[in-house]
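Participant: got a predicted structure here, sequence first:
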Amino acid sequence: MKKVFEYSHLGGLGILKVRYPHMEQEIDKIINSIKIAGKTKISKGKSRTGKLLYSPQGYEQGI
């Protein structure tokens, strides 16, 4: 996963960058380490037959 957009609520991003730069680096490191499984389910729907979709975890087990 990658960080595409940053939102600063009440100037929090500026405080984070100035006072706690090591925390921002750690947050970026964690975001970059997240792996997305990707689209694994093949649609059987009438209008989307054959398209790849994101499959929620546990879908195949009927949970």
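Facilitator: Nice, I can see it. Residues are numbered from 1 along each chain as shown.
Participant: what about Lys41, which SS state?
Facilitator: Remark: Lys41 carries the secondary structure label strand [criterion: DSSP: H, G, I helix; E, B strand; the rest coil].
Participant: wait, isn't it in contact with Gly50?
Facilitator: No - assessed by C-beta atoms under 8 Å, Lys41 is found out of contact with Gly50, at 11.3 Å. From N, CA and C alone the C-beta is placed, and that goes for glycine too.
Participant: who has more neighbours, those two?
Facilitator: Shown here are Lys41 and Gly50; by other C-beta atoms under 10 Å, Lys41 has more neighbours (13 against 8).
Participant: which residues does that one form beta bridges with?
Facilitator: For Lys41, the beta-bridge partners under DSSP bridges are Leu53.
Participant: please report how far it lies from Leu53.
Facilitator: With distances taken as C-beta to C-beta, to the nearest Å, Lys41 is found 5 Å from Leu53.
Participant: equivalent analysis for Gly45, please.
Facilitator: Relative to Leu53, Gly45 is positioned 9 Å away (criterion: C-beta to C-beta).
Participant: more neighbours, the two?
Facilitator: Taking neighbours as other C-beta under 10 Å, Gly45 and Leu53 compare with Leu53 leading, 14 against 9.
Participant: ok, the more buried one touching Lys44?
Facilitator: No - if you go by C-beta under 8 Å, Leu53 and Lys44 don't touch, sitting 10.0 Å apart.
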